[in-house]
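S.K.: here you go, sequence then predicted model.
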Amino acid sequence: MQLTDTHCHLYWHKFDEDREAVIQRAIKAGVTKMLVPGTTIETSKQAIELAEKYPQVYAAVGVHPTDAETLSQDNFDELYKLAEHEKVIAIGEIGLDYYWVKESEKQKHQKTVFNSQVQIADALNKPLVIHLRELNDATEGPVFDDLFEMMEYWFNKWLYLNHPLGLAPGVLHSFNGNIDLAAKAIKLGFCLGVTGPVTYTKNESHREMIKNLPLHRLLIETDSPFLAPVPVRGKRNEPAFVRHIADKIAEIHSKSPVEIAEITSANAARLFTWGD
Ligand SMILES: [Zn+2]
């Protein structure tokens with residue numbers, strides 16, 4: 001079985017003791033590609049270092065909305081240079097977070113920082129890895145509206161110029177919106193990332209939503225070291241556990257885990273153009 005984990009923070013300090021073993025376990029479990037997104041300039045560099053070291057690892061570079069203040073005019077050029085690296089296949093994770101950041105001034109700043117990073121994606125033709133989190137994790141709300149509103153400018157431009165990002169702009173990481181938002185995102189060309197919460201007992205409505213999504217738009221992600229799926233919930237998450245997410249989607253969509261692994265790996269390869 002060939003699996004892909006399109007979101008794992010392997011540079012995180014929780015992997016300092018055994019990072020090599022974690023990556024080898026993932027490879028042994030059939031995870032042939034792992035995408036490591038940065039959240040700051042510093043962690044973006046660390047993601048690139050891992051991508052240079054392991055053929056199975058790819059990097060995304062970007063500044064996370066909760067770190068938005070760390071991106072300045074000064075280091076923007078540095079981020080741009082990092083984004084040009086051949087193993088950087090996406091810009092992220094970037095986005096909006098109104099869960100941890102509630103002040104409207106700071107939320108406004110997140111939008112500015114998001115837009116400036118979409119400029120890099122636009123110039124280098126690399127898709128977006130988008131983080132969206134709402135207060136109380138609502139399934140609808142201003143984060144989605146705000147994102148779509150910002151993206152409107154870019155979509156119009158991309159469609160007008162026949163830019164490839166107009167067809168495949170990126171992935172909404174760990175998507176937890178409702179079916180209407182999912183339909184809207186899919187219509188705009190986004191893929192939706194499915195993470196550990198799909199396995200949590202109480203998340204019946206989330207599974208119901210996933211059941212109604214087209215498989216050719218789903219990516220599976222661990223978000224390691226966070227969001228460990230059942231049956232390892234509560235532990236440190238790692239890419240090898242992406243199998244549990246594939247198993248759950250297989251169950252929901254009445255397919256075999258092998259089919260889900262193949263489909264989601266092909267989806268990732270199409271979006272990130274990393275072969276296979
Ligand atoms: Zn993340």
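M.R.: Arrived safely.
S.K.: so G141 makes contact with L147?
M.R.: No. Shown here, G141 and L147 do not form a contact pair, counting by Cβ atoms under 8 Å, at 10.8 Å. Placement of C-beta: from N, CA and C, glycine included.
S.K.: quick one: which of the two has more around it?
M.R.: Neighbours around G141 and L147, counted as other Cβ atoms under 10 Å, are more numerous at L147. The numbers are 21 against 16.
S.K.: helix, strand, or coil at the more buried one?
M.R.: In three-state terms, and counting by DSSP: H, G, I helix; E, B strand; the rest coil, L147 is helix.
S.K.: equivalent analysis for the one 3 residues further on, please.
M.R.: Under the three-state scheme (three-state DSSP), the conformation of M150 reads as helix.
S.K.: that one contacts K111, correct?
M.R.: Yes. Using Cβ under 8 Å as the test, M150 is close enough to K111 to be in contact (6.2 Å).
S.K.: what are the C-alpha coordinates of the helix or strand hosting N156, in CSV please?
M.R.: For N156, the element it lies in under DSSP states H and E is helix 142-161. What follows is helix 142-161 as a C-alpha-only set of coordinates in CSV (Å, rounded to 0.1, in the frame of the first residue of the first chain):
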residue,chain,number,x,y,z
PRO,A,142,-16.3,34.3,9.0
VAL,A,143,-13.0,32.5,8.4
PHE,A,144,-14.4,30.8,5.3
ASP,A,145,-16.2,33.9,4.1
ASP,A,146,-13.1,35.9,4.6
LEU,A,147,-10.9,33.4,2.8
PHE,A,148,-13.3,33.1,-0.2
GLU,A,149,-13.6,36.9,-0.4
MET,A,150,-9.8,37.3,-0.5
MET,A,151,-9.4,34.4,-3.0
GLU,A,152,-11.9,36.0,-5.3
TYR,A,153,-9.3,38.5,-6.6
TRP,A,154,-6.8,35.7,-7.2
PHE,A,155,-9.3,33.4,-8.9
ASN,A,156,-10.4,36.2,-11.3
LYS,A,157,-6.8,36.9,-12.1
TRP,A,158,-5.9,33.2,-12.5
LEU,A,159,-8.9,32.4,-14.7
TYR,A,160,-8.3,35.5,-16.9
LEU,A,161,-4.6,34.5,-17.3
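S.K.: for the helix or strand that contains L132, the distance to its chain's centre please.
M.R.: Here L132 sits within strand 128-133, counting by DSSP H and E. Between the centre of strand 128-133 and the centre of its chain there are 6 Å (Cα atoms, centre = their mean, to the nearest Å).
S.K.: direction included, what does that strand pair up with?
M.R.: strand 88-97 (parallel), strand 170-172 (parallel) (DSSP bridges).
S.K.: pull the number of nearby residues for M150.
M.R.: Here the count is done by other Cβ under 10 Å, and M150 has 16 residues near it.
S.K.: so what's it up against?
M.R.: Listed by Cβ atoms under 8 Å, 6 or more residues apart in numbering, the contact partners of M150 are 111, 114-115, 118.
S.K.: if you set the cut-off to 10 Å instead, what comes out?
M.R.: Contact analysis of M150 by Cβ atoms under 10 Å, 6 or more residues apart in numbering lists 96, 111-112, 114-115, 118.
S.K.: the helices in the protein, which residues?
M.R.: 19-28, 41-53, 73-83, 104-124, 142-161, 179-187, 204-211, 242-253, 257-272 (DSSP state H).
S.K.: average model confidence for the fourth one?
M.R.: Per-residue confidence for helix 104-124 averages out to 97 on the pLDDT scale.
S.K.: what helices or strands is that helix leaning on?
M.R.: The contact analysis (3 or more Cβ pairs under 10 Å, 6 or more residues apart in numbering; DSSP states H and E) places helix 104-124 against helix 73-83, strand 88-97, strand 128-133, helix 142-161.
S.K.: alpha carbons of that helix, in CSV - could you do that?
M.R.: Taking only C-alpha atoms (Å, rounded to 0.1, in the frame of the first residue of the first chain), the coordinates of helix 104-124 have been written out as CSV:
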residue,chain,number,x,y,z
SER,A,104,-10.0,42.4,15.0
GLU,A,105,-6.8,44.4,14.2
LYS,A,106,-4.7,41.2,14.3
GLN,A,107,-7.2,39.3,12.2
LYS,A,108,-7.0,42.1,9.7
HIS,A,109,-3.2,41.8,9.7
GLN,A,110,-3.5,38.0,9.1
LYS,A,111,-5.4,38.8,5.9
THR,A,112,-2.6,41.1,4.7
VAL,A,113,0.0,38.5,5.5
PHE,A,114,-2.0,35.8,3.8
ASN,A,115,-2.4,37.9,0.6
SER,A,116,1.3,38.7,0.5
GLN,A,117,2.1,35.0,0.6
VAL,A,118,-0.4,34.2,-2.1
GLN,A,119,1.7,36.5,-4.3
ILE,A,120,4.6,34.1,-3.9
ALA,A,121,2.4,31.2,-4.9
ASP,A,122,1.1,33.2,-7.9
ALA,A,123,4.6,34.1,-9.0
LEU,A,124,6.1,30.6,-8.6
